[in-house]
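Visitor: output the structure for:
(one chain, ligands or ions: 3)
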Amino acid sequence: MSPRDALRPGLYAITDPDLLPGDRLVPAVEAAIRGGAVLVQYRDKEATETERLARARDLVSLCTDNQVPLLINDDAALAKRVGAAGAHLGQEDGNLAEARSLLGPEAILGKTCHASLELARAARDAGADYLAFGRFFPSMTKPGAPAATPDILQRAQSLGLPLSAIGGVSLENAPLLIANGADLLAVIGGLFGTDDIEARARAFTDLFAKTTEQELS
Ligand SMILES: Cc1ncc(COP(=O)(O)OP(=O)(O)O)c(N)n1
Ligand SMILES: Cc1ncsc1CCOP(=O)(O)O
Ligand SMILES: [Mg+2]
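Guide: Numbers count the residues shown, from 1 in each chain. Ligands and ions are numbered 1, 2, ... in the order given. Reported below is the predicted structural model:
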């Protein structure tokens, strides 16, 4: 199965260098995976290039062993260098077509669309594999990120790609995002800011099963 085919609904665990300094990174991501995370993103705007390379390599090894795709934030070239499953690109992080030609047809490429259907359409047409919206709730990690409301998830359903929701996602507000159509819950503080990462990941994961069961009954 290609990494793209492995994309399925669930918890999208995104790392943070302040919450997971140094040696805490790998065990924390391991715990998130044990708790059911379906996708991992290495996001680190603080480390040196050498540190980023080493940490990305450690995560590729962990995620490959666990058959969970690892995406690199902002940096398709680093994704290529370490053999990651793909990259997440914001509006200022370079072009999807270039990332696709660098990483190949099987790579997973995500694109930030904030709260804009127009950006989402453009991302789909440029070859994104999932569309990322948010921030939906106040975020300590990125307080200034442009705000979105859950109805954008409903409106983006027609684009036919998996939808990711980010920004202040917690166990309390996650059901609203899932009910509005989020396939992936992208979480930093609400996951890696907790004492028991595995339990929190499992609790997020269980929300997907519950919402699906409710939809079926
Ligand atoms: C899954 C996901 N969604 C949104 C973002 C934000 O990307 P971007 O707008 O480029 O902001 P930074 O993360 O680079 O600060 C993301 N990384 N992942
Ligand atoms: C990267 C990013 N983009 C929009 S909000 C955000 C941060 C999400 O982190 P948290 O889950 O801690 O709010
Ligand atoms: Mg970015």
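
Visitor: and whatever residue of the chain ends up closest to ligand 1, its phi and psi?
Guide: Going by C-beta to the nearest ligand atom, ligand 1 is nearest to Gly90 of the chain, at 1.9 Å. Every C-beta, even on glycine, is put in place using the N, C-alpha and C of the backbone. With angles defined as degrees, to the nearest 10, Gly90 shows backbone torsions of phi -90, psi -180.

Visitor: does any part of the helix or strand encompassing Ala199 sit near ligand 2?
Guide: Ala199 belongs to helix 197-216 when elements are defined using DSSP states H and E. No. Contact between helix 197-216 and ligand 2 is absent, the nearest approach being 11.2 Å (criterion: C-beta under 6 Å from any ligand atom).

Visitor: the top strand by length along the chain vs ligand 3: in contact?
Guide: Once the chain is assigned using DSSP state E, the strand that runs over the most residues is strand 108-114. No. Legend: contact between strand 108-114 and ligand 3 by C-beta under 5 Å from the ion is lacking; minimum distance shown is 6.6 Å.

Visitor: next helix or strand past that strand?
Guide: On the C-terminal side of strand 108-114, the closest following helix or strand by DSSP H and E is helix 117-125.

Visitor: got a list of what Ala163 touches?
Guide: Small correction: residue 163 is Leu, not Ala. Taking C-beta atoms under 8 Å, 6 or more residues apart in numbering as the criterion, Leu163 is in contact with Tyr130, Leu131, Ala132, Phe133, Leu153, Ala156, Gln157, Gly181, Ala182, Asp183, Leu184.

Visitor: next one: it from Pro27, what distance?
Guide: Per C-beta to C-beta, to the nearest Å, Leu163 is found 30 Å from Pro27.

Visitor: how about the residue of the chain closest to ligand 1, nearest residue that isn't a chain neighbour?
Guide: Here the nearest residue to Gly90 in space, its sequence neighbours aside, is Thr112; by C-beta to C-beta, 6 or more residues apart in numbering that works out to 4.2 Å.

Visitor: any idea how many residues pack against that neighbour?
Guide: Under the neighbour criterion other C-beta atoms under 10 Å, Thr112 is assigned a count of 24.

Visitor: just the pLDDT for it.
Guide: Predicted confidence (pLDDT) at Thr112: the value is 98.

Visitor: so it touches His88, yeah?
Guide: Yes. Assessed by C-beta atoms under 8 Å, Thr112 is found in contact with His88 at 7.5 Å.

Visitor: ok, stretch 85-105 near ligand 3 or not?
Guide: Yes. In this structure, stretch 85-105 sits against ligand 3 according to C-beta under 5 Å from the ion; the contacting residues are Gly90, Asp93.

Visitor: in that stretch, what's buried?
Guide: Ala85, Gly86, Ala87, His88, Leu89, Asp93, Gly94, Leu96, Ala99, Arg100, Leu103 (16 or more other C-beta atoms under 10 Å).

Visitor: quick one, phi psi at the first one?
Guide: I take that to be Ala85. The phi and psi values for Ala85, taken as degrees, to the nearest 10, are phi -70, psi -20.

Visitor: for it, give me its contacts.
Guide: Ala85 sits next to Pro3, Ala6, Cys63, Pro69, Leu70, Leu71, Ala79, Ala107, Ile108 when contact means C-beta under 8 Å, 6+ apart.

Visitor: just the buried subset of those, please.
Guide: Neighbour-count burial within these applies to Pro3, Cys63, Pro69, Leu70, Leu71, Ala79, Ala107, Ile108; the criterion is 16+ other C-beta under 10 Å.
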